[in-house]
Structures are given as C-alpha cells and as structure tokens.
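A.B. asks: Need a 3D model of the following:
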Amino acid sequence: MSNDDMLIRVLLLLAVSLVAIAFAWRARLYNRRPAPVTRSVAGTGVARQREGVPPPIPPGTPFRDPMAESMLHELNRRAFGVARFAHALPDEHETMLDTLRRAPLAPFTPAPALLVPLLAAGSEDAALHGLLDTLRRDPPLAAAVLESAADPAFGHAGEPFAELEDALAALGATALRAAIANALLRPAFAVPAQPFTDFATTAWRLALQSALAAAASARTAGSCAPVAAHVLGLVHALGAVTVFRLALAQYQATPALAPRADVVARLVTERADAAAHAVAVAWNLPAGLRSALAEHSAQREPGAMSPLGRALYAGRLLGLAAVLREHDALDDDAFGELLARKGLATARGQWPAAPQVAR
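C.D. replies: Next up is the predicted model:
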C-alpha cells in the first residue's frame, strides 16, 4: 500500500469519526432539554385562555384616558342641559367651587337595611329565601323588587311578576339578587327636579348600565362575584349623586347664588370617585367593595387593581358608552380604540347593553 493510499484511508477514518462525534453531541444536547411542564389549568394563565375569558389588562395601562374624559364631558353636558361648559367662572362661583372641593363627603341617605345581608347571602338557598321572607314583610319594597325584576335588562320579556318566587324561578338567584340591589338603591338616586331636570334620570341610567356591565365583566372573568360587582357599579354611580346633592345644599345655603352647571359638573367629575368610597365606608360595605372604590378614588392603574376594581373599571366605561349610545352621541370607532388601549377589546361583545326602559 502506497503512502498516498494510507493517507487517504486515515483522512476518511478521521472524517467518519468527526461526523459520529457531532451526531452524538447533538443527541446529548437534545436529551438535556427540559421536559414540558404540565400544570393545572386552574393555577396558571392557561385558565385565562379558555374561550370567553378576556386577557388581563396590560400592566402600566393608565387610569385616565382622553377619550373616556371626553365621553364623561358629553354625558355631563346632557345631564346638566347645557350646550357647552364655560372655561372660566365668575369669581363668586370660583369661590363656591373651592369651598365645595374642601367640603367633607358623606352619604345623604342611610344604608339600605338589606344591602349587606344581600351581599352576604351568596347563592345559598336558605339565606336567599330568608331574604325573600324579609321582603314579603315590606310590601312596598317587595313591589319595587318585582318591578325591577321585570326589567328587560334581566332577560324577562313577559308579564310582570306577581310573586317573588316567580321572579326567582324565571331569573335565577343571581339576577334576582341584582334586581333586589336595584330596588334597594334606587331611592338614593332621588334628587331635586330643579334646576337640572335631566340629572336624576341620567345618573340612574348610568348606574344601571354600569352595574350590569360590571357584573358581566366579573362573570366572564370568573374572579369575583357578579352580584358584588353589580352593587359596586350602583354605589360608584351614587358617588356622583352624593356630590351633586352636596353642591345643591351648599348653593341653597348661599341664597345670593343660583346653582351653576359648570361648577356642579366640574365638582362631580373631580369628586365622584372619592364620594363613592365615602359612601361605602359610611355604610360599612364589605371590605372588597371598599377597596375597589378606594382604587378608583386613587386612580390606580387598572392592571394593578383587584378583580372587583377591574370589573368596575370595565363596567364604568361600558356603561358610559351605553348611555351615550342611547343619545346617539357615541363615536363607536373611537370607543373601540379606547377599549383596545385598555386591554378590553373583547368586553363589548360579551355584554349586551340593557334596553332603554322608562322607569
């Protein structure tokens, strides 16, 4: 065998050895890859990906948004019956505004006696039927509950209910508890008809739409009780009514000044969240509701809020949009962009707004 043949054989053997080493190293690396981790759906983000569950609100999403503020401005303009709000106020009304900004916040009505028991009842049959027994002993309140339960917002399109049991059978426990909450809180939204005749109707309509939307958000996310979210939506809207009544009372104590829409609307915008929290504290509502309202009062980032706080955040946006849509005053495209910015793009399709019903 010549030296050339020997050299060729050595080179071929070396090449085969290098290829074998390369394949062995690749196989070793592959086998060292960590095996996929199998986790319980209930304990991970996988649960959020199941159909119908919205993604979380992105971290860092700001509480305030120019589009949302524009929507609230438009609703206030309609609630106070003005073509536009003035940018500057006369000195005496500027002084009044400063006084109202410092005034203590407190509810104008006592807590409905059955509100806390309603929240505590849950879906337990015994607790709920005990609540219905209490309602039967108060015929005017029972009638108000039956009227509320017949609202198409709860999916009832038939004849008015004659008995509470009929409403329970038709609607189910959750919807009936929401109807009871409406009946309990509706009187707190009563305000003087003058000088702003549309405010009371607008405030209640916003309360109802926001409560229904907050409950729908809670139900879809599955992270908090829909009835608690419904009550939260009502109490949050009651904050605006509380500020409104505070302003009217202060104006009445100053006969030289007539109530001015610019002042009252600006005050409602600035202090409604804080007033809602003050109501929840004064009424000794459950800690979860108080905390959610405190988050809104502090304008906490929605992504860092509690589940109830996030449900209220979604509910207040959807409720505001629903009321504006009733007035044909909503830019749907711009609102869709707002929801996308807030990580709520799927929320609108998951919640049909309540029909507009005269009440």
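
A.B. asks: Extract the residue ranges of the stretch 51-200 of the chain that are flagged as low pLDDT.
C.D. replies: Within the stretch 51-200 of the chain, the segments meeting pLDDT under 70 span 51-56, 122-124.

A.B. asks: 50 - rerun?
C.D. replies: Along the stretch 51-200 of the chain, segments meeting pLDDT under 50 span 51-52.

A.B. asks: could you pull out the helices for it?
C.D. replies: 66-79, 91-102, 115-121, 125-136, 139-149, 164-171, 173-185, 199-221 (DSSP state H, counting those that start in this stretch).

A.B. asks: what is the mean pLDDT for whichever helix or strand comes after the last one?
C.D. replies: Where DSSP states H and E defines the elements, the next helix or strand beyond helix 199-221 is helix 226-252. Per-residue confidence for helix 226-252 averages out to 97 on the pLDDT scale.

A.B. asks: okay, the angle between helix 226-252 and helix 91-102?
C.D. replies: 140 degrees (axes from the mean of the first three to the mean of the last three C-alpha atoms, to 10 degrees).

A.B. asks: Helix 173-185 and helix 226-252, what's the angle between them?
C.D. replies: 10 degrees.

A.B. asks: Let's have the helices of the stretch 51-200 of the chain in a markdown table, adding distance to residue 294 and mean neighbour count.
C.D. replies: C-beta coordinates here come from the backbone N, C-alpha and C atoms, glycine included. What follows is those, written out as a markdown table (distance: least, C-beta to C-beta, whole Å; neighbours: other C-beta atoms under 10 Å):
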| stretch | distance to residue 294 | mean neighbour count |
| --- | --- | --- |
| helix 66-79 | 20 | 17 |
| helix 91-102 | 19 | 14 |
| helix 115-121 | 17 | 17 |
| helix 125-136 | 27 | 14 |
| helix 139-149 | 28 | 18 |
| helix 164-171 | 32 | 17 |
| helix 173-185 | 20 | 24 |
| helix 199-221 | 16 | 24 |
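
A.B. asks: export those to CSV and tack on distance to residue 254?
C.D. replies: Putting the helices of the stretch 51-200 of the chain into CSV (distance: least, C-beta to C-beta, whole Å) gives the following:
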stretch, distance to residue 254
helix 66-79, 22
helix 91-102, 7
helix 115-121, 34
helix 125-136, 42
helix 139-149, 36
helix 164-171, 46
helix 173-185, 30
helix 199-221, 20
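
A.B. asks: So which of the ones you listed is nearest residue 266?
C.D. replies: Proximity to residue 266 (C-beta to C-beta) singles out helix 91-102 among the helices of the stretch 51-200 of the chain, at 6.6 Å.

A.B. asks: Next, the contact list for residue 284, please.
C.D. replies: By C-beta atoms under 8 Å, 6 or more residues apart in numbering, the contact set of residue 284 is 111, 116.

A.B. asks: circling back: go through the helices of the stretch 51-200 of the chain and name the closest to residue 309.
C.D. replies: helix 199-221 (10.1 Å).

A.B. asks: Report the angle between that closest one and helix 66-79.
C.D. replies: Angle, helix 199-221 to helix 66-79, by the same axes, to 10 degrees: 140 degrees.

A.B. asks: Which neighbouring elements make contact with helix 199-221?
C.D. replies: Where contact means 3 or more C-beta pairs under 8 Å, 6 or more residues apart in numbering; DSSP states H and E, helix 199-221 is packed against helix 66-79, helix 173-185, helix 226-252, helix 307-326, helix 347-350.

A.B. asks: 10 Å - rerun?
C.D. replies: helix 66-79, helix 173-185, helix 226-252, helix 261-282, helix 307-326, helix 347-350 (3 or more C-beta pairs under 10 Å, 6 or more residues apart in numbering; DSSP states H and E).
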